[in-house]
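S.K.: Sequence first, predicted model second:
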Amino acid sequence: MQRISYKFTSFVENPKTRILINNMKKICLIAIAELLILFISSCGGNSSSTSTSTASTATGSQSAISGAAVYNRTCVTCHQGNGAGIPGAYPPLAKSDFLTDKEKTITQVIKGFQGELVVNGVKYNNVMPPQPLNDEEVAAVLTYVNTSFGNSGAAVTTDEVKAVRAKLQ
Ligand code: HEC
């Protein structure tokens, strides 16, 4: 027993092992510091563009999501860049009287629609697939639609979309 503890003390007190132990301590400290920096930067990254999704859910604001970007990614192929649609196939969003009914419009985007639909007195009978967008994205894209293409409708909030989605389930 004594021999072992002696060996251990001399091992610890050996200048070479001391340097080794000190180096290991330093490495540990650096690792902890790096973890801390990583943690802080991942939490406080509100202003960075890579964490827009966390930023938008944390603040509940819609400004982080661009309605125009969602439109140009999802709706543009059918309803066209100017919102005019394609006669006989895709109804217009520009000056559409359908948009005056907010709940119907939100439902249209979440659930899609198949069958007869009338816009500005013109009948359409086609299929719009459900759009796989979250509440913030639906709010942003419909706010964009309501305030673009010559439309002067009201903004759509995330809460309004949430309420309609809850009813649909
Ligand atoms: C694959 C094509 C397609 C895509 C993508 C699409 N739509 Fe539609 N949309 C349609 C069709 C077709 C109708 C009419 C459905 C019918 O005739 O039953 C329609 C109808 C609508 C209507 C109701 C009628 C009107 O013109 O006011 C709204 C509002 C609407 N779409 C919004 C959107 C929005 C916003 C997006 C993107 C998030 C979108 N759509 C994506 C094809 C599409």
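M.R.: Nice, I can see it.
S.K.: Give me the phi and psi for residue 87.
M.R.: phi -50, psi 130 (degrees, to the nearest 10).
S.K.: Quick one, grab the pLDDT at it.
M.R.: Reading off the confidence values, residue 87 has pLDDT 95.
S.K.: Could you do residue 64 as well?
M.R.: Predicted confidence (pLDDT) for residue 64: 76.
S.K.: count of residues packed around it?
M.R.: Using other C-beta atoms under 10 Å, residue 64 has 19 neighbouring residues. C-beta here means a position set from N, CA and C on the backbone, and glycine is covered the same way.
S.K.: can you confirm it is in a strand?
M.R.: No. The assignment for residue 64 by DSSP: H, G, I helix; E, B strand; the rest coil gives coil, which leaves it out of any strand.
S.K.: quick one: it from residue 140, how far?
M.R.: Taken as C-beta to C-beta, to the nearest Å, the spacing of residue 64 relative to residue 140 amounts to 9 Å.
S.K.: Likewise for residue 117?
M.R.: For residue 117, the distance to residue 140 - C-beta to C-beta - is 23 Å.
S.K.: same deal with residue 152?
M.R.: When distance is defined by C-beta to C-beta, residue 152 is 18 Å away from residue 140.
S.K.: same thing with residue 73?
M.R.: With distances taken as C-beta to C-beta, residue 73 is found 11 Å from residue 140.
S.K.: Those two: who's more crowded?
M.R.: Higher neighbour count among residue 73 and residue 140: residue 140, with 27 against 13, using other C-beta under 10 Å.
S.K.: List of residues touching stretch 91-102?
M.R.: 75, 79, 82-85, 104-105, 108, 117, 119-120, 122, 124, 145-146, 149-151, 153-154, 156, 160 (C-beta atoms under 8 Å, 6 or more residues apart in numbering).
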